[in-house]
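# model the following, please.
(4 chains)
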There are 2 protein chains.
Amino acid sequence: MKRDETERTAYHHGDLRRELLLHAVELLDDRGIEGFSLREVARRASVAPAAPSHHFGNVTGLLTAVAADGFQRLVAEFETLLRKKRSPERHVVALCEAYVKHHRASPGVFSIMFRRELLDDGNETLNEFKPKSLQLLIDSVRNAIPDATPDKQVHVAKILWATMHGLVTLRLDDSDELSSRVAFAARTILAGAAR
Amino acid sequence: MKRDETERTAYHHGDLRRELLLHAVELLDDRGIEGFSLREVARRASVAPAAPSHHFGNVTGLLTAVAADGFQRLVAEFETLLRKKRSPERHVVALCEAYVKHHRASPGVFSIMFRRELLDDGNETLNEFKPKSLQLLIDSVRNAIPDATPDKQVHVAKILWATMHGLVTLRLDDSDELSSRVAFAARTILAGAAR
DNA sequence: CCACTGATTTGAACACCGTTCAGAATATGA
DNA sequence: TCATATTCTGAACGGTGTTCAAATCAGTGG
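Numbers count the residues shown, from 1 in each chain, chains lettered A, B, ... in the order given. Just a heads-up that it's a prediction; the model follows:
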């Protein structure tokens, strides 16, 4: 009922689950996983330390929810890009660039999305959207190198994914170079694979 | 003096620094960085919780020493491989495979070597051997694609490095496939870059 | 309208963590 | 031998995640 109102009382202030998620994202992007703590999230939401447990179970549950959201957004962005009319190769490059863009927009969230040891592997949203994001890249690669065998197409897609991930996480150079390096890398790999 | 003897007394048992390093490596490979704790390392060395601080300052210092050791070993392995007589391309592939091998041999150590937020960036050993490892790959790439511009050679080397890193850390497939995928990826990227 | 039920949040407790610091134990060297 | 420096201990402090009974609130059936 009273959704947007500020009339949250001490208990039951409407949508604590969502609020905790927002603060968790903010804290992650602010201080990274090292500076992250469940108590600090609770503190930022002006709530007792034990409050999150009811919504997420434990800290792993909260991080998993954040990561699942991240993959969901990534898939949404991928699908938006794929609706545009472009050459197959440019589609692949666009996905790779989106990957980097996603990281820059929310580095803290991004950095946990692929840390399996931090996440709950039973989460449904995660198990739906994480494979889906890879699948979208695989499909694009199929169109970009249609003459390759299906196995090789998957092969190349995984290599592309790994390359993007490495470039983004290793930070071998400042982020200005990163965008151009990503596009170059994608084209180089496609070229090598198409021979 | 009394080096190899088991006659370690309560205090001053010879080479606590080295022993702590060994236990830290063991614990990292055993439980990963998530299960790692300075107190557990001290416990495994049968020493008080505060003992490590004298040798490493704090937990960051200990992890940095572990990582620095890791890079030193990686560089040593690279140099051994580079002394063998092979084609330039095979040299590059060999380095990439060594990268993967290193990860498999000591995944816990490997996983912290590139987590800059966990390490002390003032460490001399680290600042010597980490750039050196990349430099060795760059040099190999120069030989493999001699006709490319120096900039592009560095470019390609960094892409290769990122790809290996992504393949190893993302674990997109079981580790049996990994070795062959790494070699394929290296050749694909070199081929694409040589066009 | 009200009592009841279930969902939500609190507050206190527990064990563990990293770090600090005074002081004890040992090693070193004059 | 004795003074000094090095190395380690033990206790303490504040912070963390998690658990659990108790307190609070929302909604429903009577």
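
# now do the strands in chain A.
In chain A, no strands are found when defined by DSSP state E.

# how about the residues of it by chain B?
Counting by C-beta under 8 Å from any C-beta of the partner chain, chain A comes close to chain B at A:32, A:34, A:114, A:116-118, A:134, A:155-156, A:158-159, A:161-167, A:169-173, A:181, A:184-185, A:187-193, A:195. From N, CA and C alone the C-beta is placed, and that goes for glycine too.

# give me the buried entries from the residues you listed.
For those, a neighbour count by 16 or more other C-beta atoms under 10 Å in any protein chain shown gives the buried set as A:114, A:118, A:134, A:155-156, A:158-159, A:161-167, A:169-170, A:172, A:181, A:184-185, A:187-193.

# quick one: which of the residues you listed sit in helices?
The subset of these located in helices under the criterion DSSP state H comprises A:134, A:155-156, A:158-159, A:161-167, A:169-170, A:181, A:184-185, A:187-193.

# need the contact list for the closest residue to A:Gly35 other than its chain neighbours.
Distances taken as C-beta to C-beta, 6 or more residues apart in numbering or on different chains put A:Leu27 closest to A:Gly35, at 7.3 Å, once the chain neighbours are dropped. Residues counted as contacts of A:Leu27 (C-beta atoms under 8 Å, 6 or more residues apart in numbering or on different chains) are A:Gly35, A:Phe36, A:Ser37, A:Glu40, A:Val41, A:Arg44, A:Gly108.

# need the buried ones from these selected in ChimeraX.
To isolate the buried members of those in ChimeraX, using 16+ other C-beta under 10 Å:
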select /A:36,40,41,44,108
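
# okay if I get the contacts of A:Leu27 as TSV plus pLDDT and distance to A:Val100?
TSV is the format used below for the contacts of A:Leu27 (pLDDT from 0 to 100; distance: C-beta to C-beta, whole Å):
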residue	pLDDT	distance to A:Val100
A:Gly35	97	23
A:Phe36	98	23
A:Ser37	98	28
A:Glu40	98	28
A:Val41	98	27
A:Arg44	97	28
A:Gly108	97	16
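
# which pair of the contacts of A:Leu27 spans the longest distance?
The most widely separated members of the contacts of A:Leu27 are A:Arg44 and A:Gly108, with 14.0 Å between them, by C-beta to C-beta.

# which ones are touching the residue nearest to A:Asn143 when sequence neighbours are not counted?
With sequence-adjacent residues excluded and distances taken as C-beta to C-beta, 6+ apart, A:Asn143 is closest to A:Pro88, at 3.8 Å. The contact partners of A:Pro88, taken as C-beta under 8 Å, 6+ apart, are A:Ser140, A:Asn143, A:Ala144, A:Pro146.

# restricted to helices, list the residues you listed.
The members of the contacts of A:Pro88 that map onto helices under DSSP H are A:Ser140, A:Asn143, A:Ala144.

# re earlier: reformat the contacts of A:Leu27 as a markdown table; add distance to DNA strand D.
Converted to a markdown table, these look like this (distance: C-beta to the nearest atom of the strand, whole Å):
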| residue | distance to DNA strand D |
| --- | --- |
| A:Gly35 | 9 |
| A:Phe36 | 7 |
| A:Ser37 | 3 |
| A:Glu40 | 5 |
| A:Val41 | 8 |
| A:Arg44 | 11 |
| A:Gly108 | 14 |
